[in-house]
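>>> sequence first, predicted model second:
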Amino acid sequence: MTNNKHNTKTKAFRDSYNANIEVAEKEWRGKRDKDREQILHCLESRIHLSPFISHAYLDIQMQYSFDYCQQRWYYHSVHSSEVQFISEHQVFGVCCEPLSRQVFFLIDEAQQVGKGAAVVFRPDSYYFGLFKKHYRRQDCVDDMEDLADCLSVWSECTTVQDWEYYDWNAYLGQWFGPLVGFGHCYAFEFDREHPGVMICHQTQIPSSAQHKRCDAMIQQNATNADINRMSLLFRNAHAIAKAGRPFSDFPWLCTLDEKKGLSVGDSYRNEKKCSEFIESIAEEQRMQLRSVIQKAHYFSIMVDGTTDSSVTEAEIMYIRYAIDGMPYVRFLAYVNISRANASTITESIVKTLEQHLHLTKQVIFERLVGFGSDGAAVMTGCKSGVATVLKKEQPCLFTIHCMAHRLELSFKTFLDNFSFTKSLMECLEAIYKFYHNSSLNRSNLKVSCAAANITFLVPGRVGGTRWLPHTMAALQTLWKLYPALIEHFEQMSITTDASVSSDSKAKAKGFFKTLTTRKTVILASLLTDAIDVLHVLSLSLQHTYCSPGCIIDMLNVALLKLEQFKQRPGLYLQAALSETMSFMGVPISGTYNDDQLCTAIHHVVDGLVEQLQKRLLDGSSGNLTASMTFLVLKNWPEEHTQEFGNEAIHVLLRHFNPILHDSIMNSTRIPEEWSTLKEYVYKLKNGSKELTWVGVNEVAKDVCPNVLHFVDLLLSLPASSADCERGFSLTKFIKSDWRSKLLDKKVTNLMTVKLNSPEIDGFDPHQSIQLWLGIRKRRLSSSELPESDAESDSDDDTEALGDNPCSSSTAF
């Protein structure tokens with residue numbers, strides 16, 4: 001009786017399924033015939049089209065079908081082995097039904113094929129049926145080469161192209177994203193008017209009892225109340241990542257929301273789910289990055305390395321690109337590596353780009369135009385550094401040693417070349433340690449500041465790994481505290497208090513003697529004026545949007561200011577020279593005549609100018625950098641000249657021409673469009689006080705598209721790797737000693753949300769929620785399910801359907 005009942009249900013389902021297939025086939029044939037008539041009408045006045053020619057320019061609708069077959073290739077009998085092996089190849093075909101044109105994807109036998117497998121394939125174009133017919137007549141097909149010979153008989157080409165292999169997910173991921181939330185059969189619709197959008201229609205196949213139960217669960221789950229609850233949870237997770245708080249803050253933050261009267265539900269309120277929410281938010285940001293990288297066409301990579309709190313070598317990577325005259329810098333990944341050598345670092349860079357941008361290795365090196373790093377030998381080594389290894393793959397690559405680091409090196413070299421500047425910096429470093437290592441000394445300095453009516457500040461560090469802006473801040477603090485410091489040193493040197501050690505007394509006496517001599521005051525003031533110029537230059541070079549075209553302009557401004565010190569002293573030196581026997585009310589001893597002062601000024605200025613020119617202008621990229629100065633629009637000549645920039649454009653085109661793709665820009669038209677662009681720029685300069693490349697793109701993009709695409713390429717080149725240094729500062733805050741076990745994947749997610757996502761008040765969680773729901777089946781409203789399924793999932797991974805795929809039309 002049970003079997004009869006089962007057979008009856010099976011027959012009813014089969015009959016309904018066959019009826020649905022008949023309806024679908026009738027609709028398909030009708031649409032195919034209609035499309036064929038439309039295509040033939042469009043082609044009446046055209047010549048015969050080869051199957052290798054794209055029909056995208058026709059204003060028609062086209063119907064495609066997809067097929068997949070798996071064939072076995074038996075090895076030939078000439079193989080003398082007693083054991084015969086069977087290898088399998090797969091063929092995936094896409095057919096344009098109205099034109100009977102088909103494209104084949106031949107899948108490599110060595111790959112594991114299955115749902116979600118990233119199989120490797122090589123596309124070629126042949127008729128599927130003729131291929132199978134000829135294949136069955138072949139004497140033997142031992143490998144992919146034999147298969148190519150078999151296919152070439154039916155090819156309209158005379159020869160078979162060289163084999164090219166692609167990673168399925170990475171290759172198609174350049175244009176397509178994942179479709180999530182599926183539980184039924186669907187039909188898809190897409191057109192060229194809406195690129196990147198696919199309309200999904202659910203087919204009406206009769207559901208079994210299990211399908212009906214799932215339908216009820218989906219309808220219950222996709223309610224506004226559930227989405228609102230998930231929005232609160234995602235906002236909390238986003239705020240935790242933005243504030244750099246640990247995952248353990250998530251449960252009590254949800255409890256706080258509940259006490260405020262907000263409905264956050266009982267599920268997904270643990271630390272594990274907080275990590276999942278942050279991962280979904282980070283993945284949404286990566287999806288947006290992939291989209292803009294497709295629009296940007298070219299990009300550069302900035303990389304730096306360190307050892308984190310887990311005593312593990314790590315590399316941090318940023319990506320730089322430009323769109324319509326606006327450069328952007330985005331955090332890409334934080335990756336732990338086994339060894340800090342060039343091959344390992346290069347491999348991690350390529351792998352990271354493949355994973356996060358869904359690009360193949362070939363496409364990466366076709367679009368990678370710049371590489372920035374610090375001056376470590378593993379990065380910039382001329383024989384086996386990362387930059388050299390990357391240049392072997394991409395000879396046109398523009399590599400640069402961070403200009404901000406070069407500036408620091410030039411200043412350190414200057415200090416080492418002159419004994420008086422070196423001894424002065426050593427004295428200031430000793431003063432910093434004198435207060436940094438003693439709470440008693442800081443307390444006594446605070447008393448001296450109060451007596452002198454000076455705001456208390458702790459002396460800063462001027463040496464070590466500090467940037468020039470930190471050194472400038474330390475010198476400014478020294479001058480602000482100068483009267484209080486002198487008073488404190490004098491009191492400590494003569495005190496009889498037993499709590500003050502003899503070592504501290506001796507140091508205080510030496511500091512007092514050094515800082516109250518006229519020579520020290522004048523030279524320290526002169527050095528402060530010079531560092532004031534350099535720290536402005538350093539901040540400019542560290543700016544996120546600084547490009548190589550700005551370097552020479554910034555450097556020339558700094559050099560001009562330094563040279564002016566020979567004729568007119570700086571502000572700090574003027575203050576020191578205004579008094580002869582005292583400084584800031586403190587008596588000083590010794591003399592320093594005009595000849596000595598003039599000699600010191602010339603030594604400081606000439607020494608700094610020599611080092612800056614040597615470090616910042618020399619190098620393999622010097623000629624290219626000098627050719628990019630036209631990117632600074634404010635420095636264009638006042639009068640329009642036909643020759644301006646022509647030679648620079650020629651030099652840059654000669655270097656980058658091998659990677660200028662015809663699909664993006666026509667390089668042969670760039671010189672002609674450059675002349676036209678100059679006319680537009682001069683017209684805009686007359687009516688605008690501050691002209692930018694964004695404004696130029698808004699006006700001249702349609703007239704000069706090729707040269708403006710080339711400008712975007714140049715703007716995507718880095719001038720420094722300061723963003724990586726700032727990233728490491730954030731990494732130390734996230735992966736602290738208390739969180740040293742954080743995996744690099746979670747660190748990447750936290751930093752992506754922190755650096756790339758909107759601020760808390762501008763964050764919209766809905767896209768992240770949809771992405772999270774589509775990863776796996778989830779249960780949002782467990783209280784509304786049948787009793788047998790209403791199990792709590794607050795502390796485990798029990799999850800059910802989330803996203804509702806039952807709408808009649810869904811855009812992906």
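Sure, I can see it. Numbering: from 1, shown residues only.
>>> do you know how far Cys402 is from Pro548?
Counting by Cβ to Cβ, to the nearest Å, the gap from Cys402 to Pro548 is 12 Å. All C-beta spots, glycine's among them, are computed from the backbone N, C-alpha and C.
>>> meant to ask about Ser721, not that
From Ser721 to Pro548 the distance is 13 Å (Cβ to Cβ).
>>> which of these two has more neighbours?
Remark: of Ser721 and Pro548, Ser721 carries more neighbours, 28 against 25, as counted by other Cβ atoms under 10 Å.
>>> what values do phi and psi take at the more buried one?
Dihedral pair for Ser721: phi -120, psi 30, per degrees, to the nearest 10.
>>> again with Ile588
Note on Ile588: its backbone torsions stand at phi -120, psi 160 [degrees, to the nearest 10].
>>> isn't it up against Thr514?
No: using Cβ atoms under 8 Å, Ile588 is not in contact with Thr514; the gap is 11.1 Å.
>>> what touches both of Ser721 and Pro548?
Both Ser721 and Pro548 lack any common contact, where contact means Cβ atoms under 8 Å, 6 or more residues apart in numbering.
>>> contacting residues around whatever helix or strand His405 lives in?
Counting by DSSP states H and E, the element that carries His405 is helix 403-417. For helix 403-417, contacts defined as Cβ under 8 Å, 6+ apart pick out 374-375, 421-422, 425, 467-468, 531, 534, 537-538, 541-542, 546, 551, 607-608, 611-612, 614-616, 719-722.
>>> which one is Val699 nearest to, not counting chain neighbours?
By the measure of Cβ to Cβ, 6 or more residues apart in numbering, the closest residue to Val699 outside its immediate chain neighbours is Tyr680, 6.0 Å from it.
>>> do Ile664 as well
In space, and not counting its chain neighbours, Ile664 is closest to His297: 4.9 Å by Cβ to Cβ, 6+ apart.
>>> pretty sure the one you found sits against Leu660.
No: using Cβ under 8 Å, His297 is not in contact with Leu660, being 10.0 Å away.
>>> near Lys361, how many other residues are there?
Residues within reach of Lys361, counting by other Cβ under 10 Å, total 15.
>>> per-residue pLDDT, the nearest residue to it once chain neighbours are set aside?
Of all residues not flanking Lys361 in the chain, Val350 sits nearest, at 5.8 Å (Cβ to Cβ, 6+ apart). We have a pLDDT of 94 for Val350.
>>> next: the one 4 residues further on.
What the model reports for Glu354 is a pLDDT of 92.
>>> got the phi and psi for Phe589?
Slight slip there: residue 589 is Ser, not Phe. phi -120, psi 170.
>>> distance check, it against Val699.
Distance, Ser589 to Val699, by Cβ to Cβ: 65 Å.
>>> tell me which helix or strand Arg339 sits in.
Under the assignment given by DSSP H and E, Arg339 is not contained in any helix or strand.
>>> got a list of what Asn441 touches?
Listed by Cβ under 8 Å, 6+ apart, the contact partners of Asn441 are 434-435, 488, 504.
>>> returning to what we had before: any idea of the mean pLDDT in the helix holding His405?
Average pLDDT, helix 403-417: 90.
>>> setting aside sequence neighbours, what's the nearest residue to Leu562?
Distances taken as Cβ to Cβ, 6+ apart place Val605 nearest to Leu562, at 5.0 Å, with adjacent residues excluded.
>>> and for the one you found, the neighbour number?
For Val605, the neighbour count with other Cβ under 10 Å is 19.
>>> that one contacts Phe565, doesn't it?
Yes: Val605 lies in contact with Phe565 (Cβ under 8 Å); the separation is 5.5 Å.
>>> common neighbours of those two, please.
Contacts common to Val605 and Phe565, judged by Cβ under 8 Å, 6+ apart, are Ala530.
>>> in the helix or strand Lys685 falls within, what counts as buried?
Lys685 is part of helix 670-687 when elements are defined by DSSP H and E. For helix 670-687, a neighbour-count test (16 or more other Cβ atoms under 10 Å) marks 670, 673-674, 677-678, 681-682, 684-685 as buried.
>>> could you do stretch 508-526 as well?
Here stretch 508-526 shows 508, 511-512, 514-516, 518-526 as buried, counting by 16+ other Cβ under 10 Å.
>>> with stretch 436-445 instead?
Using 16+ other Cβ under 10 Å as the test for burial, stretch 436-445 gives 441, 444-445.
>>> inside helices: which ones of those?
Counting by DSSP state H, the buried residues of stretch 436-445 place 441, 444-445 in helices.
>>> would you turn the residues you listed into JSON lines with pLDDT and distance to Gly265?
Formatted as JSON lines, these follow (pLDDT from 0 to 100; distance: Cβ to Cβ, whole Å):
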{"residue": "Asn441", "pLDDT": "91", "distance to Gly265": "56"}
{"residue": "Asn444", "pLDDT": "90", "distance to Gly265": "57"}
{"residue": "Leu445", "pLDDT": "93", "distance to Gly265": "55"}
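>>> now these as TSV including distance to Val462?
Listed next are those as TSV, based on distance: Cβ to Cβ, whole Å:
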residue	distance to Val462
Asn441	18
Asn444	22
Leu445	17
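>>> ok, these vs Ala243, which is closest?
Set against Ala243, the nearest of these by Cβ to Cβ is Leu445 (33.7 Å).
>>> my guess is that closest one contacts Pro483, does it?
No: shown here, Leu445 and Pro483 do not form a contact pair, counting by Cβ under 8 Å, at 11.6 Å.
>>> tell me who's in contact with the closest residue to Ala241 other than its chain neighbours.
Excluding its sequence neighbours, the residue lying closest to Ala241 (Cβ to Cβ, 6+ apart) is Val753, at 3.8 Å. For Val753, the contact set (Cβ under 8 Å, 6+ apart) comprises 238, 241-242, 278, 281-282, 285.
>>> what do you get for Thr731?
306, 308, 314, 316, 334, 747, 751.
>>> now, those that are in strands?
Of the contacts of Thr731, the ones assigned to strands by DSSP state E are 306, 314, 316, 334.
>>> for the last one, grab the count of nearby residues.
Right, Tyr334. Neighbour tally, Tyr334, other Cβ under 10 Å: 28.
>>> between which two of the buried residues of stretch 508-526 is the distance greatest?
Maximum distance among the buried residues of stretch 508-526 (Cβ to Cβ): 25.4 Å, for Ala508 and Leu526.
>>> which pLDDT value does the model give Lys132?
In this model, Lys132 carries a pLDDT of 59.
>>> same deal with the one 10 residues further on?
We note a pLDDT of 53 for Asp142 in this prediction.
>>> what's the mean pLDDT across stretch 477-484?
Per-residue pLDDT over stretch 477-484 has a mean of 93.
>>> how long is it end to end?
Start-to-end span of stretch 477-484 (Cα to Cα, to the nearest Å) is 11 Å.
>>> and if you look at stretch 711-720?
Counting by Cα to Cα, you get 19 Å between the two ends of stretch 711-720.
>>> report the mean confidence score over it.
For stretch 711-720, the mean pLDDT works out to 93.
>>> secondary structure element for Leu332?
In the assignment (DSSP H and E), Leu332 maps to strand 326-336.
>>> run through the stretch 551-700 of the chain and note the low-pLDDT ranges.
Along the stretch 551-700 of the chain, the parts satisfying pLDDT under 70 run over 618-622, 662-663, 687-689.
>>> perfect, I'm done here.
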